[in-house]
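J.: Need the 3D shape of this:
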Amino acid sequence: KNYMQFCIMEKLNFPEFDFSFKSKENKTFIFDPIRKKWLVLTPEEWVRQHCIQFLLKTKNIPFGYIQVEKKLNVNHTEKRYDLVVFKPDHSIHLLVECKAPSINITQKTFDQIARYNSVLKSEYIMLTNGINHFFCKMDFQKGKYIFLQDLPFYN
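T.: Have a look, this model is predicted:
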């Protein structure tokens with residue numbers, strides 16, 4: 001493990017997790033346990049990897065139920081979601097949008113995840129820039145978000 005990276009990437013508003021790092025050609029890589037591959041460590045990837053660990057270790061989500069960065073067709077446009085957590089029946093439990101810590105979570109960010117969720121129909125959504133986290137339960141009947149203090153534990 002390369003702990004020098006912690007000096008480069010800022011501390012996020014998540015519990016402390018262990019990550020695997022490697023350096024190659026003056027770039028730092030972080031290992032993604034879901035995709036099982038090394039990825040260039042960008043600020044957004046730093047947030048995404050913390051989010052994955054948060055879901056696995058804090059929310060007890062089974063490893064096989066998390067999907068990372070998959071394509072999605074929204075209004076005839078190809079988009080990519082950050083994280084999705086499935087239920088055993090293959091419906092979607094949680095949709096997560098990760099931003100770099102320097103990006104503020106705004107109405108535009110909520111609009112983006114709402115567009116994705118109009119296709120995915122996730123029961124819960126999470127927006128995070130690693131510093132600020134927003135958790136919502138969807139009320140599809142009324143077409144609105146219900147803000148939560150935290151995500152429920154996965155069962």
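J.: Test for you: state the pLDDT assigned to the residue of the chain most remote from its centre.
T.: If you look at how far each residue of the chain sits from its centre, by Cα atoms, centre = their mean, the farthest one is residue 25, at 27.4 Å. We have a pLDDT of 88 for residue 25.
J.: One more: residue 10?
T.: For residue 10, the predicted pLDDT is 83.
J.: Likewise for the one 3 residues further on?
T.: According to the model's per-residue confidence, residue 13 sits at a pLDDT of 95.
J.: number of nearby residues for the closest residue to it other than its chain neighbours?
T.: Excluding the flanking residues, the one nearest residue 13 by Cβ to Cβ, 6 or more residues apart in numbering is residue 131, at 5.1 Å. Backbone N, C-alpha and C define where each C-beta goes, glycine included. When counting by other Cβ atoms under 10 Å, one arrives at 17 neighbours for residue 131.
J.: which residues touch residue 131?
T.: 12, 13, 101 (Cβ atoms under 8 Å, 6 or more residues apart in numbering).
J.: List the buried residues in stretch 141-155.
T.: 145, 151, 154 (16 or more other Cβ atoms under 10 Å).
J.: any chance of the residues you listed in TSV, plus distance to residue 76?
T.: Formatted as TSV, those follow (distance: Cβ to Cβ, whole Å):
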residue	distance to residue 76
145	25
151	31
154	33
